[in-house]
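A.B. asks: just coords:
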């Protein structure tokens, strides 16, 4: 499909790494999250870090902008 199966497997691997190697603790910032937890890209790392640390991290949703641009151009 849309790659959700492989993304789920990668996130599960990241959760397992956090439990085994980081004693169940996730990094408290998006940069370290993305670098150290498999399956997290910039969007996921920012979202998860915001929840974990109770701080806001900027998250850019590019596909929505592209979708809206395509809709405007097509006249839909």
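C.D. replies: Okay, I see it. Because the structure is predicted, anything quoted here is derived from the model rather than measured.
A.B. asks: from here on, just use CA atoms for contacts and neighbour counts.
C.D. replies: Fine.
A.B. asks: distance of the spatially most central residue of the chain relative to residue 23?
C.D. replies: In the chain, the residue lying closest to the centroid (C-alpha atoms, centre = their mean) is residue 44, at 1.0 Å. Relative to residue 23, residue 44 is positioned 20 Å away (C-alpha to C-alpha, to the nearest Å).
A.B. asks: what's the answer for residue 50, then?
C.D. replies: Counting by C-alpha to C-alpha, the gap from residue 50 to residue 23 is 20 Å.
A.B. asks: more neighbours: those two, which one.
C.D. replies: Each of residue 50 and residue 23 has its neighbours counted (other C-alpha atoms under 10 Å); residue 50 has more, 18 against 10.
A.B. asks: so what's that one closest to, chain neighbours aside?
C.D. replies: residue 56 (5.0 Å; C-alpha to C-alpha, 6 or more residues apart in numbering).
A.B. asks: does residue 38 belong to a helix, a strand or coil?
C.D. replies: coil (DSSP: H, G, I helix; E, B strand; the rest coil).
A.B. asks: what about the closest residue to it other than its chain neighbours, how many neighbours?
C.D. replies: Among residues not flanking residue 38 along the chain, residue 14 sits closest, at 4.5 Å (C-alpha to C-alpha, 6+ apart). Other residues near residue 14 come to 19 when the count uses other C-alpha under 10 Å.
A.B. asks: begin at 40 from here
C.D. replies: From this message on, residue numbering opens at 40, which makes the last subject residue 53.
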